[in-house]
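Q: the amino acid sequence is not available; the structure is as follows:
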């Protein structure tokens, strides 16, 4: 006898042997027990999940002379005839090759004749989504009102292509992807029945590679067992046999990208090529992988909608926690351009390697999304990339440059600060309100949430110790380098104040205040009038107090005469050279 493939040899012949589709098994069993079998069924789901197997099993049991709760008896003449394919009561039609209207007309004519033996004539139409429009129209009437002895079972892997008029006439059953553990258990059972030996991790890897398809898993097992006859099947032997690019490879690639491990990333690409895998397919699959990571990061509830197993979805959710949405979007953009560039290219490997290096090192790109990612690395404590040497290290240590940033980034950072800081300040204030760190008075707790920030800002100075002379001097010195950038992004209504000249005002061992100096000609200016009002000046003092964590009192003065005391202070400050320029890049810098 010729060899029979494992997926055919171990096709389930009872409900008990069907794995991973318990919700459908229970429903069909109840219908059979209560004699409520329908006339038309639509089985939907990805490949290898048991649609055709379930259809044949249902055809067997409705014609069985001695059915049981677990399925057909398997020994009556009807069961034997269906099993060996000689029964006239079960017609299996492949719609991919019989998709014309004439094929459906033959079915419409044949249903007029009742079965010579058995109870039902069952038509199993596989890949029904391949039928033509005229074929669907020809099937409609018969599908809606077939003779009482006819059952239609339609199977499809692409239910969206089936007309609504067809779907509305059927009972629809969605076949789920089978979990990795369920597939692994089934493979273990089959290996024992074949008197072979395999490690659990090897079978688990096969199950993961099959991606929810029992038939794919059995086909891979068949191949691996043929390659290791009289030997124990291990994971290494599975990898050597199939050379598949599994989800684990993409997880490993993402880990290498996160750690800027170029050696590991390039090794993965090399192994993919030597295992005979197509680089274009590798990139396309990696793009889909990255797309799923982004979707699950944005909404973990989408895992039931994506084309993957529950276990794979959980792995991707954990992976997404290590990346920002901006970083993943940048990776997708790189892969999208890579895919289009590779097809006409004769140096595909070089293009893939270059793209992976770009993903690791955002400093190689001069766009806003790359700067977002670099700032995120700095916030997480990553600093400059491990691969930076020479000039990069010099730039990173230069005055006015946070680690890992160069002169090219400065312009983009200015626009980035405006977008990012305003959101962060609001979030930080709200966090401190909700946690009670910032304000715990009954007035704030009872206030409408929209008014809480206003109440808090009006009372900020009461939470801090009064600023001393040293604090005010430092504030004046760092006005243009630290205070102004924060104000530009977070409190734009005070942007007209940015060119005002700050000056300390204090007496030895006396109170210290901050003066904001206007030229005499500015007294008729709108901005001078704005800050002449106590309410505006008070709120601005609150904001400054929150920035430095000290109670700041604020005055506005005008420069009168040729060399007033205030004027002398201001001129002296203007002569100071400040080298500690700092671009705000962490939440702590914003609020401290």
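A: Looks like it came in fine. Everything quoted here is computed from the prediction, not taken from an experiment.
Q: walking through this protein, point out its strands one by one.
A: Here the chain has its strands, by DSSP state E, at 40-44, 90-94, 121-126, 150-156, 171-174, 501-506, 512-519, 554-559.
Q: how about CSV for these, with mean neighbour count and distance to residue 74 added?
A: Where C-beta positions appear, they are placed from N, C-alpha and C, glycine not excepted. Listed next are the strands of the chain as CSV, based on neighbours: other C-beta atoms under 10 Å; distance: least, C-beta to C-beta, whole Å:
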stretch, mean neighbour count, distance to residue 74
strand 40-44, 23, 22
strand 90-94, 18, 15
strand 121-126, 24, 17
strand 150-156, 24, 20
strand 171-174, 15, 23
strand 501-506, 21, 92
strand 512-519, 20, 92
strand 554-559, 16, 92
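Q: ok, of those, where does mean pLDDT dip lowest?
A: Among these, strand 501-506 has the lowest mean pLDDT, at a mean of 63.
Q: before we move on, the earlier item: in CSV: the strands of the chain, plus distance to residue 234.
A: As requested, the strands of the chain are exported to CSV (distance: least, C-beta to C-beta, whole Å):
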stretch, distance to residue 234
strand 40-44, 36
strand 90-94, 38
strand 121-126, 36
strand 150-156, 36
strand 171-174, 36
strand 501-506, 72
strand 512-519, 73
strand 554-559, 74
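Q: which one of the ones you listed lies nearest to residue 134?
A: strand 121-126 (15.4 Å; C-beta to C-beta).
Q: direction included, what does that closest one pair up with?
A: Paired with strand 121-126 in the same sheet, following DSSP bridges, are strand 90-94 (parallel), strand 150-156 (parallel).
Q: looking at those strands, which is closest to residue 190?
A: Nearest of the strands paired with strand 121-126 (C-beta to C-beta): strand 150-156, 23.6 Å.
Q: what's in contact with the closest one?
A: The contact list for strand 150-156, computed with C-beta atoms under 8 Å, 6 or more residues apart in numbering, reads 37-44, 51-52, 55, 58-59, 62, 111, 120-129, 143, 146, 162, 166, 170.
Q: tally of neighbours for the residue nearest to residue 254 when sequence neighbours are not counted?
A: Residue nearest to residue 254 in three dimensions, not counting chain neighbours: residue 319, with 6.0 Å by C-beta to C-beta, 6 or more residues apart in numbering. Look at residue 319: counted by other C-beta atoms under 10 Å, it has 20 neighbours.
Q: ok, residue 319 to residue 294 distance?
A: Counting by C-beta to C-beta, to the nearest Å, the gap from residue 319 to residue 294 is 11 Å.
Q: likewise for residue 277?
A: Distance from residue 277 to residue 294, by C-beta to C-beta: 24 Å.
Q: residue 29 too?
A: When residue 29 is compared with residue 294 (using C-beta to C-beta), they lie 41 Å apart.
Q: now swap in residue 241 and tell me
A: Applying C-beta to C-beta, the value for residue 241 to residue 294 is 33 Å.
Q: what of residue 315?
A: 15 Å.
Q: swap in residue 40?
A: 39 Å.
Q: and if you look at residue 242?
A: Residue 242 is 28 Å from residue 294, by C-beta to C-beta.
Q: residue 334 is in contact with residue 354, isn't it?
A: No - Residue 334 is beyond contact range of residue 354, at 9.6 Å (criterion: C-beta atoms under 8 Å).
Q: which residues are contacting stretch 18-28?
A: Against stretch 18-28 from outside (C-beta under 8 Å, 6+ apart): 12, 15, 49-50, 53-54, 57-58, 173, 175-179, 182-183, 185-186, 214.
Q: point out where the stretch 1-150 of the chain drops to low pLDDT.
A: Along the stretch 1-150 of the chain, segments meeting pLDDT under 70 span 1.
Q: please disregard the earlier target; I meant the stretch 351-500 of the chain.
A: Ranges of the stretch 351-500 of the chain meeting pLDDT under 70: 363-463, 487-500.
Q: again, only using 90
A: Along the stretch 351-500 of the chain, segments meeting pLDDT under 90 span 357-500.
Q: next one: the stretch 151-300 of the chain
A: In the stretch 151-300 of the chain (pLDDT under 90), the answer is 158, 177, 179-181, 194-197, 199-202, 204-212, 225-262, 268-300.
Q: apply 80 and report the result again.
A: Along the stretch 151-300 of the chain, segments meeting pLDDT under 80 span 236, 239-240, 242-248, 275-278, 281, 300.
Q: distance of residue 275 from residue 485?
A: Counting by C-beta to C-beta - residue 275 and residue 485 are separated by 51 Å.
Q: that should have said residue 178, apologies.
A: 55 Å.
Q: and for residue 269?
A: For residue 269, the distance to residue 485 - C-beta to C-beta - is 42 Å.
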